[in-house]
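>>> Requesting a structural model of the entry that follows:
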Amino acid sequence: MTRKQIQQQIAAFTGDWKTAARKAKVFDENCYVPLSQVTNIELSFGHCTRNGIRQVTHDTLHFHYTTRDKEKYCFSILD
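As a prediction, the model looks like this:
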């Protein structure tokens, strides 16, 4: 994948086009493998429990990504 593809995927998932470029850059700089080895990324938001109720927190973005060798990794950005 390219950084541009990842940026577009982040923007489509979060709806925030302004911060997608920054998050794609952070992912690129911290990804365990080169982006050219990444074949799939699944995005999700973090969760927390408040007063016994599980809630989605939009301040944590999780990346679950797969490489060409079918290895799976996780990475998170906390804003």
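>>> got a pLDDT number for Q9?
pLDDT for Q9: 97.
>>> Quickly find the element holding the nearest residue to it once chain neighbours are set aside.
Once flanking residues are discounted, Q9 sits nearest to I41: 6.2 Å by CB to CB, 6 or more residues apart in numbering. Yep, even glycine has a C-beta here, placed from its N, CA and C like the rest. When elements are assigned from DSSP states H and E, I41 belongs to strand 38-50.
>>> Which elements pack onto that strand?
helix 3-14, strand 53-67 (3 or more CB pairs under 8 Å, 6 or more residues apart in numbering; DSSP states H and E).
>>> Could you provide these in JSON lines, with additional columns for distance to F75 and mean neighbour count?
Formatted as JSON lines, these follow (distance: least, CB to CB, whole Å; neighbours: other CB atoms under 10 Å):
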{"stretch": "helix 3-14", "distance to F75": "11", "mean neighbour count": "16"}
{"stretch": "strand 53-67", "distance to F75": "4", "mean neighbour count": "14"}
